[in-house]
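>>> Have a look at this fold, sequence not included:
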């Protein structure tokens with residue numbers, strides 16, 4: 001919804017009036033901020049399930065927070081690469097180790113998007129199937145590390 005039209009109930013009305021036209025008894029939605037803004041519930045929908053982040057993601061988030069990252073901005077395409085460039089070599093290795101130790105299929109999909117299927121061993125050796133002692137910069141997250 002365009003910011004100009006927020007807070008006047010237009011979005012809720014659109015959802016409320018469109019649901020009967022869906023032709024199905026259940027409609028699934030995904031909402032990130034429902035804890036703070038129960039938009040779909042206000043539009044007449046019923047919450048059936050709430051999912052929690054993967055434990056691996058929580059562990060990595062906590063490590064990044066310990067390194068001074070603002071965890072609410074981790075999804076930012078500008079903030080995260082900018083913050084990564086300020087890390088010391090030791091801190092960069094900590095981040096790399098966190099992703100190795102807490103490997104999750106979702107991360108593999110994001111980091112190794114150029115491959116049809118993520119492979120767990122790629123995370124284990126930093127994304128290089130020929131892991132040597134050379135320095136690599138990974139364009140997906142901008143961390144220079146030694147293999």
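The structure has been received and is ready for your questions. It should be emphasised that the depicted structure is a prediction, and the values quoted were computed from it without experimental measurement. Residues are numbered from 1 along each chain as shown.
>>> Please make it C-alpha for all contacts and neighbour counts, starting now.
OK.
>>> hang on, residue 16 is in a helix, isn't it?
Yes. Assessed with DSSP: H, G, I helix; E, B strand; the rest coil, residue 16 lies in a helix.
>>> ok, how many other residues are close to the residue nearest to it when sequence neighbours are not counted?
Once flanking residues are discounted, residue 16 sits nearest to residue 43: 5.3 Å by C-alpha to C-alpha, 6 or more residues apart in numbering. Neighbourhood size, residue 43 [other C-alpha atoms under 10 Å]: 17.
>>> Surely residue 43 touches residue 13?
Yes. Here residue 43 reaches residue 13: they are 6.7 Å apart, a contact under C-alpha atoms under 8 Å.
>>> burial measure for the closest residue to residue 73 other than its chain neighbours, as a count.
In space, and not counting its chain neighbours, residue 73 is closest to residue 79: 6.6 Å by C-alpha to C-alpha, 6+ apart. The tally of other residues near residue 79 (other C-alpha under 10 Å) stands at 13.
>>> what's the answer for residue 61, then?
Around residue 61 there are 18 residues (other C-alpha under 10 Å).
>>> and it, what are its phi and psi?
Backbone dihedrals for residue 61, given as degrees, to the nearest 10, come out at phi -60, psi -40.
>>> Now do it against residue 55, distance only.
Plainly put, residue 61 is 10 Å away from residue 55 if you go by C-alpha to C-alpha, to the nearest Å.
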